[in-house]
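**Q** sequence-free structure coming up:
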DNA sequence: CATTGAATGGGGGTATTCCCTGAATTTTTC
DNA sequence: GAAAAATTCAGGGAATACCCCCATTCAATG
């Protein structure tokens, strides 16, 4: 909407060389856009931004060392004016929410088309939030009750782990130097939290939630 | 467009537009290489190859409709001379093995550097097989005996499934119209086959083997 | 046709889990 | 410093799983 003649500095934080190449190649074809820098990890990008601000940051989430979510937080702490667009393959609801809560101005999947990508740039520059339609589906899915994984205490995680390894209550008690009754209490609480009524299904659910 | 006799025709099968762009951009900078076509799914690529062969196919595995593994098989069935390089993010041993058994001449991860990518091309053209070092680690992981999954009978699979769903022996017996003793026999045999001594670890192992 | 594997079933006994109610102590959090 | 959460422990009883032994039937396989 706002055809500015001034160039818009963009930086890319992404550790896949080929993907960076593609992104640059597309951005270079866009008027007003200039790629001011590319970085393979967050720390370097943050240092760069402290020297000279950019208008937009394209940010991957899976990065070596520092997570893209933390990088986003750091960027926003540095300068709220810098627009951050997450560009990643993560489609898990929790990841998306984490990213948006960290202040991201957009969330695109890596399979976004060239056109959508370019449109996205102008949208965020107009203070509009953007996201792939598929993601909105995931995020605001109606009937789907993802039933978030229960939050476990440290002790419960230990016991869960040991149950999964086939240890009996008595064996767990010996190993952790606590009474069998205590172990039973934890097992009982675990089953309640996972809404199951025996150990086999407890283990199954725990694995489904990626907790084993 | 008739390519020069020295030029090496390459095609790309990949559904991520940005990544395709990057790949093209890099390949264009390589002498002798010409990108003869890019496709977002396997079927179209196969049709193209029936018209005019390419020297190298860069092939993603996660594709709409047809899996990259099947595409690879089809390409090799069409013309064994066409070199196929898998270019993907999959690091699961099973996927890698599937791909190589399907005749792939190389397996690269998407985070491969530009240099490695270019070197790879000449390597496969010299009939050398190539793969990221990290992948060799995964594939020939140290001493780990994969311990093949036990072969289960139909009935055992049913009972395993039900145990995973939290059903008790009595409940399973009622559901399958057999005696509880029979169910116990099957459970016992299952535990023996999986080399475990109780149901929680039975479920865990079964899931590890992808049988639940 | 003999052998093997699969599925079925039994008896008896022990081990373990599961359920309920209740409570003391410590750690974390606000 | 009070409130909430986490960790610890107890007794007793019912349900379930686990472990031996064993046997019959049926279908496929050689």
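**A** That came in fine, so what should we check first? Since we're looking at a predicted model, the values are computed, not measured.

**Q** Which parts of chain A are helices?
**A** Along chain A, counting by DSSP state H, helices occupy A:17-28, A:42-51, A:68-78, A:93-101, A:114-125, A:133-139, A:154-164, A:169-176, A:180-194, A:199-208.

**Q** most neighbours per residue, which of those helices?
**A** Of all the helices of chain A, helix A:199-208 carries the top mean neighbour count, a mean of 22, counting by mean count of other CB atoms under 10 Å in any protein chain shown. Bear in mind the C-beta positions are built from the backbone N, C-alpha and C, glycine included.

**Q** And the contacts of it?
**A** Helix A:199-208 is contacted from outside by A:160, A:163-164, A:187, A:190-191, A:194-196, A:212, B:163-166, B:198-204, B:207, B:212, using CB atoms under 8 Å, 6 or more residues apart in numbering or on different chains.

**Q** Can you give the distance from it to the centre of its chain?
**A** In this view, helix A:199-208 has its centroid 25 Å away from the chain centroid, taken as CA atoms, centre = their mean, to the nearest Å.

**Q** And for stretch A:25-32?
**A** On the basis of CA atoms, centre = their mean, stretch A:25-32 sits 27 Å off its chain's mean C-alpha point.

**Q** Any part of it near chain B?
**A** Yes. Using CB under 8 Å from any CB of the partner chain, stretch A:25-32 reaches chain B at A:25, A:26.

**Q** gap between the two ends of that stretch?
**A** End-to-end distance of stretch A:25-32: 14 Å, with CA to CA, to the nearest Å as the criterion.

**Q** Show me the domain layout of chain A.
**A** A:8-139, A:154-208 (automatic domain parsing).

**Q** residues contacting the residue nearest to the spatial centre of chain A?
**A** Centroid-nearest residue in chain A, with CA atoms, centre = their mean: residue A:95, separated by 3.3 Å. Applying CB under 8 Å, 6+ apart to residue A:95 gives the contacts A:61, A:69.

**Q** Against DNA strand D, how distant is it?
**A** Using CB to the nearest atom of the strand, to the nearest Å, residue A:95 is found at 23 Å from DNA strand D.

**Q** what separates that residue from residue B:194, distance-wise?
**A** From residue A:95 over to residue B:194 the distance is 34 Å, taken as CB to CB, to the nearest Å.

**Q** likewise residue A:196?
**A** Distance from residue A:196 to residue B:194, by CB to CB: 21 Å.

**Q** try residue A:69
**A** From residue A:69 to residue B:194 the distance is 39 Å (CB to CB).
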